[in-house]
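Peer 1: From the sequence below, what's the structure:
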Amino acid sequence: MGEDLISLGDINVVATTDRGEIFNMVTYLFAAFVDSEQTRGGDDVKFIIGLDKLEFEKLIKSFYKLPDDFWYEGVEGRHSWGDYGKVYGFIHEVALKEISSKSLI
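Peer 2: The predicted model follows:
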């Protein structure tokens with residue numbers, strides 16, 4: 001499948017937690033044409049679905065609307081869902097911009 005991946009770039013996020021811990025994450029963005037009926041998610045991805053441009057924009061807006069005062073705490077650390085939404089809203093915005101510029105959506 002490697003030859004089917006289309007690189008869209010990468011995003012480096014550096015942030016400081018409310019406890020003073022530094023958080024550094026690099027996300028590599030790729031596009032791929034997959035059959036959502038045949039492709040299975042892994043790790044924390046439960047399922048894969050195709051989105052048109054309007055659905056993609058709606059997803060981005062949903063990320064940005066996550067509340068700042070609702071917290072997640074797990075083995076990977078503690079974060080507000082609002083911060084999560086800011087990061088993943090931005091990542092998805094960049095992805096949409098790139099797939100649109102390459103006429104992939």
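Peer 1: Gly74 versus Ile48, what's the distance?
Peer 2: 23 Å (Cβ to Cβ, to the nearest Å). Using the backbone N, CA and C atoms, a C-beta is placed for each residue, glycine as well.
Peer 1: For the residue positioned nearest the centre of the chain, give me its contacts.
Peer 2: Note on the chain: the residue nearest the mean C-alpha position is Tyr88, at 4.3 Å, using Cα atoms, centre = their mean. Neighbouring residues of Tyr88 by Cβ atoms under 8 Å, 6 or more residues apart in numbering: Phe63.
Peer 1: Leu5 too?
Peer 2: Phe30, Ala31, Ala32.
Peer 1: What values do phi and psi take at it?
Peer 2: As for Leu5, its main-chain torsions (degrees, to the nearest 10) stand at phi -80, psi 140.
Peer 1: do you know how far it is from Lys65?
Peer 2: 30 Å.
Peer 1: With Phe90 instead?
Peer 2: In terms of Cβ to Cβ, Phe90 sits 14 Å off from Lys65.
Peer 1: Which stretches in the protein count as strands?
Peer 2: 6-16, 22-31, 71-74, 77-80 (DSSP state E).
Peer 1: returning to that earlier point: so which of Ile48 and Gly74 has more stuff around it?
Peer 2: Ile48 (15 against 7; other Cβ atoms under 10 Å).
Peer 1: give me phi/psi at the more buried one?
Peer 2: Torsion angles at Ile48 (phi, psi; degrees, to the nearest 10) stand at phi -120, psi 130.
Peer 1: Quickly list what the spatially closest residue to Arg19 that is not a sequence neighbour is bridged to.
Peer 2: Nearest non-adjacent residue to Arg19, counting by Cβ to Cβ, 6 or more residues apart in numbering: Arg78, 7.5 Å away. Applying DSSP bridges to Arg78 gives these bridge partners: Glu73.
Peer 1: before we move on, back to that, of the strands of the chain, give the one that comes closest to Leu54.
Peer 2: Among the strands of the chain, the nearest to Leu54 by Cβ to Cβ is strand 22-31 (17.6 Å).
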